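>>> Build me a model from this:
(2 chains)
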Amino acid sequence: KAGVTQTPRYLIKTRGQQVTLSCSPISGHRSVSWYQQTPGQGLQFLFEYFSETQRNKGNFPGRFSGRQFSNSRSEMNVSTLELGDSALYLCASSLDGKGYTFGSGTRLTVV
Amino acid sequence: EDQVTQSPEALRLQEGESSSLNCSYTVSGLRGLFWYRQDPGKGPEFLFTLYSAGEEKEKERLKATLTKKESFLHITAPKPEDSATYLCAVQGSGAGSYQLTFGKGTKLSVIP
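You can find the predicted model right below:
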């Protein structure tokens, strides 16, 4: 069966711009989580959605936002990009909250 | 606040030389402890979930164990293809029960 699909795989943006990343979960999975991975901080939780509702949010500024659609696909948006937002953004989907399957991630570079 | 500490940060083994990776954690009510493997430029790949102290799970050359304060990932007779970063994460039952808290990982290098 198809895994978690994240698009695009790579992005280069300029400081001050905004960006939207997309995640399609495994078919039937209604929970989608987003994580930011950097060499210094490791994997840090951004937010989690279930049936279009945000259930958890991590300690990130309001520039980071997300949403989930009725087909469980999710998007995350980062506005007013900063150099420190350069990272690998990972999406994970779950059927029952007991196991999480990750996508390959979107590598965002802010210049 | 849930916390996870992994040690060592990096481990270099000769092929066939068995060893263990450590994951120490504090969590308000453990719902699950997860082990993932991550190769460069890729997302984490699920290995195991452990739910309660005393539980053990095995897969090929890997065996994960769990106590009330830590988990170990034992690697028996590793091969070069086992080289990767191994990540440990916990899921608590408190306010953040829908998130995983990750450690910084152990980077394993297996030399032929």
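>>> Wait, A:Arg9 touches A:Tyr89, no?
No - judged on CB atoms under 8 Å, A:Arg9 makes no contact with A:Tyr89 at a distance of 10.8 Å. Where you see a C-beta, it was placed from the backbone N, CA and C, and this is true even at glycine.
>>> Out of the two, name the residue with the larger neighbour count.
Between A:Arg9 and A:Tyr89, counted using other CB atoms under 10 Å in any protein chain shown, the more crowded position is A:Tyr89 (23 against 11).
>>> elements contacting the helix or strand hosting that one?
Assigned by DSSP states H and E, A:Tyr89 falls within strand A:87-94. Packing partners of strand A:87-94 (3 or more CB pairs under 8 Å, 6 or more residues apart in numbering or on different chains; DSSP states H and E): strand A:5-7, strand A:19-24, strand A:31-38, strand A:74-78, strand A:101-102, strand A:106-110.
>>> Comparing those strands, which comes out most buried?
Neighbour counts (mean count of other CB atoms under 10 Å in any protein chain shown) averaged over each of the helices and strands packed on strand A:87-94 peak at strand A:31-38, with a mean of 23.
>>> okay, the angle between that strand and strand A:19-24?
On the basis of axes from the mean of the first three to the mean of the last three CA atoms, to 10 degrees, strand A:31-38 is oriented at 130 degrees to strand A:19-24.
>>> ok, strand A:31-38: who's next to it in the sheet?
Strand A:31-38 has its sheet partners listed here by DSSP bridges as strand A:42-50 (antiparallel), strand A:87-94 (antiparallel).
>>> Could you look over those strands and pick the most buried one?
When these are scored by mean count of other CB under 10 Å, the highest mean neighbour count falls to strand A:87-94 (a mean of 24).
>>> Show me the contact partners of it.
A:4, A:6, A:21, A:23, A:25-26, A:29, A:31-38, A:43, A:46, A:72, A:74, A:76, A:100-103, A:105-108, B:43-44, B:100 (CB atoms under 8 Å, 6 or more residues apart in numbering or on different chains).
>>> could you dump the helices and strands packed on strand A:87-94 to a markdown table with mean pLDDT and distance to B:Thr85?
Below are these laid out as a markdown table (pLDDT from 0 to 100; distance: least, CB to CB, whole Å):
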| stretch | mean pLDDT | distance to B:Thr85 |
| --- | --- | --- |
| strand A:5-7 | 97 | 19 |
| strand A:19-24 | 98 | 22 |
| strand A:31-38 | 97 | 11 |
| strand A:74-78 | 98 | 23 |
| strand A:101-102 | 96 | 13 |
| strand A:106-110 | 98 | 16 |
